[in-house]
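Student: Compute the structure for the input listed below.
(chains A and B)
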Amino acid sequence: MELTRRDFLKLSGGGVVGAAFLGMFNPDSLLEAVPIDIPLRKEKIGEKTTICPYCAVGCSLIVASVDGKAVNIEGDPDHPINEGSLCSKGSALIQVVNNTRRLSKVLYRAPGAYEWQEKSWDWAIERIARNIKKMRDENWIHKDGNGRVVNRTEAIANDGSAAVNNEEAYLITKLCRTMGMTYIEHCARLCHSSTVGALGSSFGRGAMTNHWIDLKNSDCIMIIGSNAAENHPLSFKWITKAMEKEAKLISVDPRFTRTSSKADIYAKMRSGTDVAFIGGMIKYVIEDIERHSANYNMTYIKEYTNATLLIDPNFRGPADLDGLFSGYNANKRSYDRSTWVYQLDGKGIPKRDLSLKDSNCVFQILKKHFSRYDVDTVCSITGTPKDVYLKVSKTYAMTGRADKAGTILYAMGATQHTNAVQMIRSYAILQLLLGNIGVAGGGINAARGQSNVQGSTDHAILYHILPGYLKTPSPEDVDLKTYLKNHTPMSNDPLSANWWQNYKKYIVSLLKAWYGNAAVAPDFAYEYLAKVEGNHSHIAITEAIHKGIIRGLLSWGHNTAVSGPNGNMERADLAKLDWLVVPELWESETAAFWKRPGVDPGQIKTEVFLLPAKASLEKEGSITNSGRWSQWRYECCQAPGMAQTDLWILTKLAKKLKDLYAQEGGAYPDPILNLTWEYGDGPDVHKVAKEINGYDLTTGKLLPSFTKLKDDGTTSSGNWLYCGSYTETGNMAARRDLTPDKFNTGLYPGWAWCWPVNRRILYNRASVELDGKPWNSTTPVVVWNPWRSVWEGDVPDGGWPPMSQKGTRLPFIMTSEGRGHLFAPGEALKDGPIPEHYEPWESPVKNLMSGTQNDPVVTIWESDMDFTGSPDKYPIVCTTFRVSEHWQAGQMSRNLPWLVELMPEMFVEIGEELAHEKGIGYGQKVIVESARGEIEAVAMVTKRFSPFAIDGRKVHEIGMPWHWGYMGLSTGDSANLLTANIGDANTTIPEYKAFLCNVRAK
Amino acid sequence: MAKAMLMDVTRCIGCRACQIACKQWHDLPEVHTTNLGTYENPPDLSADTWTRIEFRELDDHGTLKWLFSKHQCMHCTDAACVKVCPTGALKRDPYFGFVTYERDKCSGCGYCIEFCPFHIPRKDEHANKLLGTGLMGGKCDFCFDRVSNGLEPACAKACPTGAIKFGERDDLIREGRQRVMTLKKDYPDANLYGEQELGGLHMLYVFAERPSVYDFPENPEMPAAAISLPIEKWTGVGLGLLAGAGMLTASVVARARMIQEEKENVKEQE
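Tutor: Numbering: from 1, shown residues only, chains lettered A, B, ... in the order given. Down below sits the predicted model:
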C-alpha cells in the first residue's frame, strides 16, 4: 500500500483511526519518497495577475481560482517592483473575495426606515437616475448673479474614488461634468492635493518624480512625513537594497515608527513643524554652498533652477514683514501677488545675475529668508535634539555633490497641514539646491496611498481640474478663447519649452472625446462645461451639505464617515441629504450612517442606495501607481451575487439619464444628449481605455503620443497625459517585458506604461551636464550620444539637444521659464512664493519665527459645528497615522479576519512619561478629547513617543490610527471625530496631522 | 542538500506579511485577539498561528531600538521533539533537514511541548479530549510541499525586504557570516545564530544583539531528560510490531499525563 504525503494531509486531524493505521509504517521508509511525491496543498498557485488594491506601490499578485472561486493569491514573482513579495494586507487579499461580509445584493433604505430592503438593479438605476434628474432640473443655474453663463448645478455632489480603475475614474469625471456638477471630489483631496500644488508649482508636474525601484539608486533617503515601512512596505525592498550599498536612511517623525527602527538617524520633530525643520537645513546648505561650493553642483543651481533670476525689487518677505509677504490684505485674508514676479528685460525674458550676488536674485532672497532659521530657533520649534538635527543636516547636505543623489520620501505627515503645500515646497527647494531633481536615486517621492489615487487625480475627480490637469473653467472664462487666454502660459524665452503652450490641443481633444460631433469649432462645446466659482473641495462639500446647498450625494466607496475631518459633522450632515448613493464592497459606515450608534433611524429622511460593487481582482482595467506606472488588471475570480463593476454602474446610469432627457427633456439637456457613451452594454473597458488614449479622427487610428494631438478638432483624447497608453500596437499598460534599460538602473521601460510618454524619471535632462554627460556615470538616466545626436536611456524630458547646443531647451519644460522653482513666482501659490513656518491651526505654543501665528490665508469655516480648541483646555498635541495591517477608513481591512487578528482594536500611542503623569497603564482604556469630540481607545504606552522641549517647555504629543469606525468585523471609535474642518491655504487638505487634545484614563 | 531559512532581524520592518502568508498558504483560521498595549498579535503561537513576529522596545543607553524577530519551529538537526516523539509524528526530513509533523500520528503525549528547547510546540485546546491525540496543534512545516515543488516557503516569499531568505543552508551560513561581519561595526554583539546549535538549526538568524535580547536561548541544548527518555527504543519495537496496542498505550500514557498536569494546575491555582 502506498500513501503519499498528500494523503497524510487529508487525514491530518482525522483522529485515532488514521493515526493508529499510519503508526504501522516505519517512518523513515516513507520519507525516502518525499521529494518526488509531495503535491502542493493548493490545486494551483496562480494563473492570472492583478494589481494590489491597497497602497500605490503597485505590486502585482497572481491569483488561482477554481470555478470562479479564488483558492490562492500570492505575489507575482515576475513583477519588477515587488518581485513576488507582499505586505500583510496584500497577503490577506484572498479574504476580500472569499468573505461572507461582502455585499451581494442591491440594498435600499427608504426615508425613515430601520432596515435595508433588497431591490433589483433596474429598479435602483431608474430611481437613482430620476433622483439625479429631478435634483439637477430643480437646481439648474444657467447664469450667475453677474449674468455670466455658468451652466451648473450645486445641489449634487460626487465623492470618490481612488479605488476604482482609471477607466472608471475617467467616466465618473465625464458623467459628473456633463451633468453640470461642480462639487466633484474624491479622497485625493484628503491625501495628496497639497502634493500637486507644491510639486506642480516647483517643477511643473504634481507627481512623484521618480519611481519605487529607483530608491535603490539613492545615496541618502530622508523619510519625513511618511512611515514607509508601515504604509508602503514594499518601498523597503528598494530602500533596503540602497542601504546594502551604504546609503544612509534618515527618519524624521514625531513618533519612533517601524520606519525609524531601520534608520541610521532618527530625528524627532513635533507635528506641523516641517518648514522650520527643512528651513534650517536650507540655511545650512546655502551657507555651506558659499563656503564650499565645490561640494555642490553650481552649474545645476545656476542653470537649472531659478536661483539667478531677479525678482521684483518691491517684493518683501517675512524677514521684513513679521511673517508676511508683500501684498497682504488682512480683511480679505489674501495676497495681492503682483510683486512676487520676475524682473523682465526688454524682450520680456526674466533678468538674471549669474554671480548670485544681486540682492533681488532668488538665491539672495532665499539666503535672507532662511537666515532666520538658525539651529537654536529651529530646534526650539521642532523639539529636535540639536546634535541629531546637525547630523541630519550634514548627512543630507552631502548629497549636494554632483555625483551623489538624495531623495525625500513623504506622505500624509507632510500633506495634511494648514501649510502643507509650503512644507512640500521646502522639500523641493532643498532638493533643487542639492541638484537632486531629475537624477536617479533623487527626486521627491510623494508616496501615494490609494492604489489608484494617482490615476483618479490624473482623471480629475477634483473640482478644480479637468483630466490631464487642465483647469476647470470659471465664470470669467466666458468662451473657449477667453479660457485659453487665461490659462495658457506665455514665454518669450527661446530657451523655454513652455510645454503648456499646447493647452488648446489638449482641451479641444478632450471636448471631442466627450461630445463627439457636437464639439465643433470655434468653441467645441466648451459651453457644456460647468463654470465653477469658489472652493468646492471636500470640506466645502461638508459645509455646503450643512447649509442645505447640496442635497444629493454620489459616494463611490469613499467612506467619509470615517475618513472626513470633524467626523461628527460629516456624519450628522449625511442626514441632511435627500438621497445618498454608495457603490461599495461592504456595508460601510457612510452607507450605514443612518443606523449608527446613538441615532434614531426613524428621524433620518435620507434615501440610501447601497450598490454591490466588484472588487479589484473581480474586474479588468488599468490603475496608476505612485511612480505613474499604468498597469493592467485582469478579472481573476467571480464577484459575489449581483455585484457589478463601477464601469457597469456608470454605464447603466449614463444610459438611463440620456434616455430620460431624450424622452422627457429637462434643464439644459444638450450636454447629456450629446455625451458620447459607446462602450457596449458589457461595457467594454478596452473601449474606454482607447477613448482616454485618443484617436486621429480623420483615420480612426489610435494615436501613438500626445505630440500628435491637434487643436482643430481632428483628434480626440480623453486625457492627453494618457495619450500613448493604448495605441495601434496594443494595450501598453498590459506589457510585461522585463528587458532592463540601457544603463540597468531599474527603469524597466517595457513593463506596463508610464505617463508622460513612458518617461520613468521626470525632469531627467537635469541629470546631465550642459553637454549631455550624466552627473553620475554609474547610474545615468539619460545620456546624449553626440555621434548619433540622440538621447539614450530613459525617454528624455523634452527631446531637444543638450544645453550646450543650438536649439536646446531648459529641462523643466512644464514651467513657463523652464527652470526649477526655488521661488514660485506669480499666482502659483496663495500663501507665499517661498515657505515660511506657521504653527498648526491648533498649537500649544506661539510661533517663534514671527508674530504671524497661522498661515494667514487659510479659509476659516464657521458653522455651528466648527470648533477650535485652546491649549489651556487641550494642552497635548495629537496626530493621526496608519498602520501596516489596516487600510484607510478600514472597510478593506477591518472586515478581513486575519488583519483584524493582527490589529484588533482602536488604540492610542502615549509616551511613558505622559502616561505616568496621567496615571495611564499599558493596555488600559482611555478617553481622548478635542474641541470636536471624544473617543475611547486602548492605551499603547510606549517609549516611542517622548515629550518635546519647545521654547524651553515640555510639550507632549500622542498619536492614533484613524482606521476604525462602527461597521465591520472590528469596530471602534474614529480618530476623525477629533480632527477639525481646517485646511491648507492652497488646496484645503484638512489638517489631520496636528491638533490639540487631552487624554485621561477611563 | 539541507535547506534553511535565514532571518536577518536588521532587515525586518515588522510588517508581518510572513504571519499572513503562512495562514493563507496553510488555510489557518484567524485567532480572536485583543489589543494588549502592543503591536504584537496573536499573543502566542498556537495550532492556528505557526509563526509570529515579536516586537520589543529597548532603551539602549539612550538610543531607542524597536526590535522585530520571527519566532517559529527552529527545525533543529538534533531535535528534542523528534527524539521524544513516541509515534514518529515528528520527524526530521532527511532530504531538506527540517522537522515535519503529521498530526494524525500524534498520540498526545505532550513530550514535544515539554522538551522543545525553544518552547515552540503548543497544545491545541480543541484536540481530542478523550484520548488526547493530535494534542500538539501544528507548527511551522517549512512549507515542505512548496519546497518539494521548487517554491519558497510562503513567509520567505512574501517578505518585502529579504529579511527572511530561503536557500541552501551552506549558502545562507556564508551569507549570514558576511552580514554579521558588516554589522559588527555598528553592533558589536552581532551574531549568527543556529549554525552549530543543536547540531545546526534550519532556521538561522542574524541578530544585532545577543540572542537573549530577542528571547532566544543563548546556548540551546537538548534537555537531559529528553536524552534519558527510552522512547526511541520502544517506538521502534513496541509500536512497529504492535501498532494498535502501542498507540493505545501512548494515548493512555498521554492522557494520564494530561490529567496529572491538570491536577497540578488546579493545585497551583489553589
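Student: List the contacts of the most centrally placed residue in chain B.
Tutor: By C-alpha atoms, centre = their mean, chain B has its centre lying nearest to B:Cys73, at 1.5 Å. Applying C-beta atoms under 8 Å, 6 or more residues apart in numbering or on different chains to B:Cys73 gives the contacts B:50, B:98-99, B:118, B:120-121, B:139-140, B:142, B:203. All C-beta spots, glycine's among them, are computed from the backbone N, C-alpha and C.
Student: helices and strands around the longest strand seen in chain A, which ones?
Tutor: As assigned by DSSP state E, the longest strand anywhere in chain A is strand A:149-159. Using 3 or more C-beta pairs under 8 Å, 6 or more residues apart in numbering or on different chains; DSSP states H and E as the contact test, the elements touching strand A:149-159 are helix A:121-138, strand A:140-143, strand A:181-185, helix A:538-546, strand A:552-555.
Student: Quick one: residues contacting A:Cys636.
Tutor: Residues in contact with A:Cys636, defined by C-beta under 8 Å, 6+ apart, are A:48-50, A:63, A:65, A:70, A:617-618.
Student: quick check, nearest of those residues to A:Tyr661?
Tutor: Comparing the contacts of A:Cys636 against A:Tyr661 with C-beta to C-beta picks out A:Glu618 as the nearest, at 31.8 Å.
Student: Setting aside sequence neighbours, what's the nearest residue to the closest one?
Tutor: Nearest-residue entry for A:Glu618: A:Ala639, 4.1 Å, with adjacent residues in sequence omitted and distances by C-beta to C-beta, 6 or more residues apart in numbering or on different chains.
Student: How much space separates the one you found from A:Ile172?
Tutor: Using C-beta to C-beta, to the nearest Å, one obtains 20 Å as the distance from A:Ala639 to A:Ile172.
Student: do the same with A:Leu914
Tutor: In this structure, A:Leu914 and A:Ile172 are 44 Å apart, going by C-beta to C-beta.
Student: likewise B:Asp186?
Tutor: For B:Asp186 relative to A:Ile172 (C-beta to C-beta), the value is 51 Å.
Student: These two: who's more crowded?
Tutor: A:Ile172 (24 against 10; other C-beta atoms under 10 Å in any protein chain shown).
Student: what residues are up against the more buried one?
Tutor: With contacts defined as C-beta under 8 Å, 6+ apart, A:Ile172 is in contact with A:158, A:160-161, A:164, A:459, A:461, A:556, A:646, A:650.
Student: And the residue of the stretch 351-500 of chain A closest to chain B?
Tutor: The stretch 351-500 of chain A approaches chain B most closely through A:Pro385 (10.3 Å), counting by C-beta to the nearest C-beta.
Student: can you check the stretch 551-700 of chain A too?
Tutor: For the stretch 551-700 of chain A, the nearest residue to chain B under the criterion C-beta to the nearest C-beta is A:Leu617, separated by 14.3 Å.
Student: Quick one: mean pLDDT over stretch A:456-463.
Tutor: Averaged over stretch A:456-463, pLDDT sits at 98.
Student: oh, I was asking about stretch A:718-729
Tutor: Averaged across stretch A:718-729, the pLDDT comes to 98.
Student: Touching, B:Val9 and B:Arg210? I think so.
Tutor: No: applying C-beta atoms under 8 Å as the test, B:Val9 and B:Arg210 come out as separate, 11.9 Å apart.
Student: The two: which is more packed in?
Tutor: A count of neighbours by other C-beta under 10 Å puts B:Val9 above the other of B:Val9 and B:Arg210, at 21 against 13.
Student: can you tell me which residues contact the closest residue to that one other than its chain neighbours?
Tutor: Once its chain neighbours are removed from consideration, B:Val9 has its nearest residue in B:Ser69; the separation is 5.2 Å (C-beta to C-beta, 6+ apart). Applying C-beta under 8 Å, 6+ apart, one finds that B:Ser69 lies in contact with B:7, B:9, B:12, B:53-54, B:56, B:205, B:207, B:214-216.
Student: Please report which of these has the highest neighbour count.
Tutor: Of all the contacts of B:Ser69, the highest neighbour tally under other C-beta under 10 Å goes to B:Met7, namely 29 neighbours.
Student: coming back round to it: list just the nearest of the contacts of B:Ser69 to A:Gly204.
Tutor: The shortest distance between A:Gly204 and any of those, using C-beta to C-beta, involves B:Cys12 and amounts to 39.2 Å.
Student: measure that closest one to B:Asp141 for me?
Tutor: When C-beta to C-beta is the yardstick, B:Cys12 and B:Asp141 sit 22 Å from each other.
Student: likewise A:Ser260?
Tutor: For A:Ser260 relative to B:Asp141 (C-beta to C-beta), the value is 35 Å.
Student: next one: B:Cys155
Tutor: Counting by C-beta to C-beta, the gap between B:Cys155 and B:Asp141 amounts to 11 Å.
Student: And these two? Which one has more around it.
Tutor: Counting neighbours by other C-beta under 10 Å for B:Cys155 and for B:Asp141 shows that B:Cys155 has the greater number, 28 against 25.
Student: SS state for the more buried one?
Tutor: Under the three-state scheme (DSSP: H, G, I helix; E, B strand; the rest coil), B:Cys155 adopts helix.
Student: Can you report phi and psi for the nearest residue to it once chain neighbours are set aside?
Tutor: On the basis of C-beta to C-beta, 6+ apart, the spatially nearest residue to B:Cys155 that is not a chain neighbour turns out to be B:Cys18, at 3.6 Å. B:Cys18 adopts backbone torsions of phi -60, psi -40, taken as degrees, to the nearest 10.
Student: Could I get the pLDDT score of the residue nearest the centre of chain A?
Tutor: In chain A, the centroid-proximal residue (C-alpha atoms, centre = their mean) is A:His192; its distance is 3.8 Å. Note on A:His192: pLDDT of 95.
Student: Equivalent analysis for B:Tyr95, please.
Tutor: The predicted structure scores B:Tyr95 at 87 on the pLDDT scale.
Student: what about it, which SS state?
Tutor: B:Tyr95 carries the three-state label coil when classified by three-state DSSP.
Student: before we move on, the earlier item: how about the secondary structure of the residue nearest to B:Val9?
Tutor: Here B:Ser69 is strand, with the state taken from three-state DSSP.
Student: residues touching A:Pro961, list them.
Tutor: When the contact criterion is C-beta under 8 Å, 6+ apart, the partners of A:Pro961 are A:880-883, A:886, A:903, A:906-907, A:975.
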